[in-house]
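# here you go, sequence then predicted model.
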Amino acid sequence: MSKPFSALGISAPILKALSELNIVDPTEIQQKTIPLLLTETHDLVGLAKTGTGKTAAFGLPLLQLINTESPIVQAIILVPTRELGQQIFRNLEDFGKHIPNIAIASTCGGIPIKPQIERLTQPTHIVVATPGRLIDLIQRKAIDLKQTQYLVLDEADEMVSILKESLDEIVAELPKKHRTLLFSATLPGTIKQLIQNYLNKNVVQVSADMETVGNQGIDHEYIIVDPIEKLDVLMHFLNSKEGQRGIIFCKTKAAVNKLAKNLAINRFSSGALHGSLSQGIRDRIMEQFREGHINILVATDLAARGIDVKEISYVVNYHLPDTYENYVHRSGRTARAGAKGLSLTVLQEEEAIEIPEFEKELGIKFTQFQKPSVVSLEENNTLLWAKQIFKTKPNQEISTDLKTKVKTVFHHLTKDELIEKLLANYVLQNKIDVVEKPVKKFKK
């Protein structure tokens, strides 16, 4: 039986905020980490799956350890993306809303730096930052870390390449005696090297729920398709999940754009998210997704970090991830906060041999998702065609004379008769396409 937050040493103002947020039972990583951070002085490595509450695991004790009477920066939280930074900033503000005078700032890249510099002229206790933006602020002498006691590296496995280049410069600004808290969903060799280089040799390692990826609520499934039918199979799946929210992962920005365009043409409620989009567009897409105005997000791995939306029903790996760690992060977007979820991986025949390796490395079991029949795919495409027609806005530029002539052609038909003829024409055209395309190719 889990201990309540009060038994972990959490103070009354934070307990009140947790109660108002309806956060009652600490997760395993929170139970193991919070007392250590409140009572010990060692560096700490926290390993836990995505979606198990790592933000509260370090955020709650940090809020409690801050001396609000001192206006200096006492804790830095480094994150890989602005989206994750904003998520953590919002969480900390919610957790600390009953702590008098607590001051938290978000200084992440992708947006103008001037307002952030202005913000840092005011009392600030905790700063959430991306590494590049923090270094920029350091170089401009806009932030003073000479008395900062805590450095948190969150989602460290997603920041390895960035941290290799920037951590020396950041650590050089900190006092020699400071605590480093590293949190990650996975522990690849590159992270072990970071721990060896930057954390105290007496570092404490805490692991929670690492025996399986994501959590017990995720069904891991795969489907084998031919390249030519991949989009049709995806759209069939998405139609079966109509009204539910999900994320589709692609390997590249170009693939994200192409798939998002195809989904938009077929009138799916979707948006694209990748690093080449302006921060304003990314923020708008994320807000639409969080608010439920769009149901499907097509994203690259890094762009999707920081998406903490409880109602994500499924994740689709439209392309097989390059690393096991990426699969952990992708699948961890669903089944959050104890909910159920599906992680579906779309494979070509030659990629199916990868599945046993993923199972062995991650300690999970995949089941094969039943591919829809050709007839079912054709019926789904017909429904999508009908939805396209239904959602098409009238063209006001078409002349009244032409509209009248076209109406005259159809005037004697009932609604049912018109639908029958439209359907018959659609089926005929698609059958002609199936026959003609191979012939044209053969003639070449």
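Right, received. Where do you want to start? Numbers count the residues shown, from 1 in each chain.
# can you pull the contacts of residue 274?
253, 256, 257, 299, 300, 303 (C-beta atoms under 8 Å, 6 or more residues apart in numbering). No exception for glycine: its C-beta is placed from N, CA and C like everyone else's.
# what about 7 Å?
253, 256, 299, 300, 303 (C-beta atoms under 7 Å, 6 or more residues apart in numbering).
# show residues contacting stretch 190-201.
Against stretch 190-201 from outside (C-beta under 7 Å, 6+ apart): 42-43, 45, 156-157, 160, 163, 167, 171, 180, 182, 184, 203.
# which members of those residues are the farthest-apart pair?
With C-beta to C-beta as the measure, no two of the contacts of stretch 190-201 lie farther apart than 42 and 160, at 22.7 Å.
# between the two, who's got more neighbours?
Ranked by neighbour count (other C-beta atoms under 10 Å), residue 42 and residue 160 place residue 160 first, with 17 against 14.
# quick one: the more buried one from residue 252, how far?
20 Å (C-beta to C-beta, to the nearest Å).
# strands of the stretch 51-200 of the chain, start to end?
75-78, 104-107, 126-129, 150-153, 179-184 (DSSP state E, counting those that start in this stretch).
# make a markdown table from those and add distance to residue 280 to it.
Formatted as a markdown table, these follow (distance: least, C-beta to C-beta, whole Å):
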| stretch | distance to residue 280 |
| --- | --- |
| strand 75-78 | 23 |
| strand 104-107 | 16 |
| strand 126-129 | 20 |
| strand 150-153 | 28 |
| strand 179-184 | 29 |
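# how close does residue 12 get to residue 124?
24 Å.
# between these two, which one's more packed in?
Set residue 12 next to residue 124 and count neighbours by other C-beta under 10 Å: residue 124 wins out with 19 against 9.
# quick check: which ranges of the stretch 201-350 of the chain have low pLDDT?
Under the criterion pLDDT under 70, the flagged ranges of the stretch 201-350 of the chain are 209-216, 303-306, 308, 337-338.
# pull out the CA atoms of the host helix or strand of residue 358 and give them to me as PDB.
In the assignment (DSSP states H and E), residue 358 maps to helix 355-362. In PDB, the C-alpha atoms belonging to helix 355-362 read as follows (Å, rounded to 0.1, in the frame of the first residue of the first chain):
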ATOM      1  CA  ILE A 355       9.900  -7.100 -33.300                       C
ATOM      2  CA  PRO A 356      11.600  -9.900 -31.300                       C
ATOM      3  CA  GLU A 357      14.500  -7.600 -30.600                       C
ATOM      4  CA  PHE A 358      12.200  -4.900 -29.200                       C
ATOM      5  CA  GLU A 359      10.500  -7.500 -27.100                       C
ATOM      6  CA  LYS A 360      13.800  -8.800 -25.700                       C
ATOM      7  CA  GLU A 361      15.400  -5.400 -25.100                       C
ATOM      8  CA  LEU A 362      12.300  -3.800 -23.500                       C
END
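# and after it, which helix or strand comes next?
strand 366-368.
# show me what that next one is packed against.
strand 218-224 (3 or more C-beta pairs under 7 Å, 6 or more residues apart in numbering; DSSP states H and E).
# quick one: the strand it packs on to helix 355-362, angle?
Orientation check (axes from the mean of the first three to the mean of the last three C-alpha atoms, to 10 degrees): strand 218-224 against helix 355-362 gives 160 degrees.
# show me the contact partners of strand 218-224.
Contacts for strand 218-224 (C-beta under 7 Å, 6+ apart): 233, 331, 334-335, 341-347, 349, 352, 355, 364-369, 371.
# residue 98 against residue 15, yeah?
No - the criterion here is C-beta atoms under 7 Å, and residue 98 misses it with residue 15 at 8.9 Å.
# beta-bridge partners for residue 346, please?
residue 223 (DSSP bridges).
# quick check, it in contact with residue 229.
No - taking contacts as C-beta under 7 Å, residue 346 lies outside contact range of residue 229: 10.4 Å.
# okay, the two: which has more neighbours?
More crowded of residue 346 and residue 229, by other C-beta under 10 Å: residue 346, with 21 against 14.
# OK, contacts around that one?
Residue 346 makes contact with 223, 225, 230, 234, 316, 317, 318 under the criterion C-beta under 7 Å, 6+ apart.
# residue 342 versus the second one, what's the distance?
The reference is to residue 225. 17 Å.
# which helix or strand contains residue 46?
Applying DSSP H and E, one finds residue 46 within strand 44-48.
# ok, residue 70 - how many residues close by?
Counted by other C-beta under 10 Å, the residues lying close to residue 70 total 11.
# mind checking pLDDT for it?
pLDDT, residue 70: 95.
# and if you look at the one 10 residues further on?
We have a pLDDT of 88 for residue 80.
# please name the nearest non-neighbouring residue to residue 150.
residue 75 (4.0 Å; C-beta to C-beta, 6 or more residues apart in numbering).
# ok, the one you found - contacts?
Counting by C-beta under 7 Å, 6+ apart, residue 75 has contacts 62, 66, 125, 126, 148, 149, 150, 152.
# show me what it is bridged to.
Applying DSSP bridges, one finds that residue 75 bridges with residue 126, residue 150.
# mind listing the helices for the stretch 1-150 of the chain?
12-20, 28-39, 54-65, 82-95, 114-119, 131-139 (DSSP state H, counting those that start in this stretch).
# and residue 59, how close does it get to residue 116?
20 Å.
# next one: residue 19
32 Å.
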